[in-house]
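Student: build the 3D model from these lines:
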Amino acid sequence: MKNLNWKKIFINTAWVLSLIGVLVLLGASIRQKNNQRIQGIVVEIKGAEKHMFIDEQDVLHIINETAPVIGRPLRGVKLRKLESLVEKNPWVNNAEMFFDNQHLLQINIVEKEPIARVFETNGQSYYLDTAMNKLPLSSKLSARVPVFTGFPSSKKVDTALVQSVIQLATLISLDSFLTAQIAQIDIVSNRQFEMIPVIGDHLIAFGDAADAADKLNRLKAFYQAAWLQHGLNTYKVISLKYKGQVVGIKESLKIVTPESNISIQNPLTSKRNTL
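Tutor: This next block holds a predicted model:
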């Protein structure tokens with residue numbers, strides 16, 4: 001029979017007892033922490049810088065609806081359930097919650113950001129975000145976003161049209177001049193768009209959303225040239241439907257400026273189908 005290595009057995013036993021002690025202390029610490037009571041709630045909302053469609057009071061109302069959270073033991077609060085409740089709000093994109101070392105419930109919320117306001121032909125109105133979510137109107141405030149009218153009412157969503165609306169709204173929102181100048185975008189047949197400006201008594205025949213960025217750049221170039229040369233009050237239609245061109249119709253002689261790809265036609269001598 002071989003001699004037992006008592007030294008090795010002692011060391012292994014010591015390690016096992018130490019590990020058991022650590023686990024016992026850790027378990028006691030967790031139980032003690034879970035028995036601690038919630039001392040307060042801190043709410044942080046991120047998302048749209050200029051919009052706040054859900055605020056701290058809304059969040060507190062949701063999480064306290066069943067029973068007040070402050071004063072309850074930490075172990076008695078199911079964070080995942082509270083997160084799900086808050087995320088049911090149509091304006092909440094994501095909610096995360098945790099307890100800090102001061103036994104405060106930290107709530108971090110990312111708010112959905114509206115990119116366009118839509119009016120359907122049946123009178124219904126709502127906001128859209130970039131993920132194509134419909135967001136309800138708020139009694140608190142109105143978002144300063146591009147307005148689209150004439151969206152066809154249908155139970156089946158026209159995904160292509162929604163994507164075009166979001167594309168146009170995003171491009172306009174990124175440009176301070178266009179945001180200030182474009183008052184309204186009307187949706188006409190075959191996913192075509194017409195824009196109503198703030199300054200100038202004319203209609204902008206935009207066409208569909210294909211090459212939207214290029215069309216808007218051409219529109220800005222036209223405005224710059226027209227304001228400097230002729231003003232805008234005499235223009236009736238500005239068409240962006242033709243690739244690489246801007247066609248403007250006014251009540252004066254026909255003027256063509258090839259260097260800026262701008263054609264201004266007399267409506268008395270030009271056919272309607274030339275727009």
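
Student: return the helix or strand in this protein with minimum mean pLDDT.
Tutor: Lowest mean confidence among the helices and strands of the chain (mean pLDDT, DSSP states H and E): strand 255-257, at a mean of 40.

Student: ok, residue 109 - how many residues close by?
Tutor: 25 (other C-beta atoms under 10 Å). Glycine gets a C-beta too; all of them are placed from N, C-alpha and C.

Student: what strand or helix carries it?
Tutor: Assigned by DSSP states H and E, residue 109 falls within strand 104-111.

Student: tell me which strands that strand pairs with, and in which orientation.
Tutor: strand 40-46 (parallel), strand 92-99 (antiparallel) (DSSP bridges).

Student: buried sites along that strand?
Tutor: Within strand 104-111, the residues scored as buried using 16 or more other C-beta atoms under 10 Å are 105, 107, 109, 111.

Student: can you tell me how far residue 208 sits from residue 241?
Tutor: Separation of residue 208 from residue 241 (C-beta to C-beta, to the nearest Å): 9 Å.

Student: same question for residue 196.
Tutor: 17 Å.

Student: next, count neighbours for the nearest residue to residue 150 once chain neighbours are set aside.
Tutor: Nearest residue to residue 150, sequence neighbours excluded (C-beta to C-beta, 6 or more residues apart in numbering): residue 187, at 4.1 Å. For residue 187, the number of neighbouring residues by other C-beta under 10 Å comes to 22.

Student: now that residue 187 has come up, it's in contact with residue 161, right?
Tutor: Yes - counting by C-beta atoms under 8 Å, residue 187 touches residue 161, with 7.2 Å between them.

Student: quick check: neighbours shared by these two?
Tutor: Residues touching both residue 187 and residue 161 by C-beta atoms under 8 Å, 6 or more residues apart in numbering: 151-152.

Student: could I get the full set of helices for the stretch 1-150 of the chain?
Tutor: 6-35, 56-63, 79-87 (DSSP state H, counting those that start in this stretch).

Student: identify the bridge partners of residue 248.
Tutor: Beta-bridge pairing for residue 248 (DSSP bridges): residue 238, residue 264.
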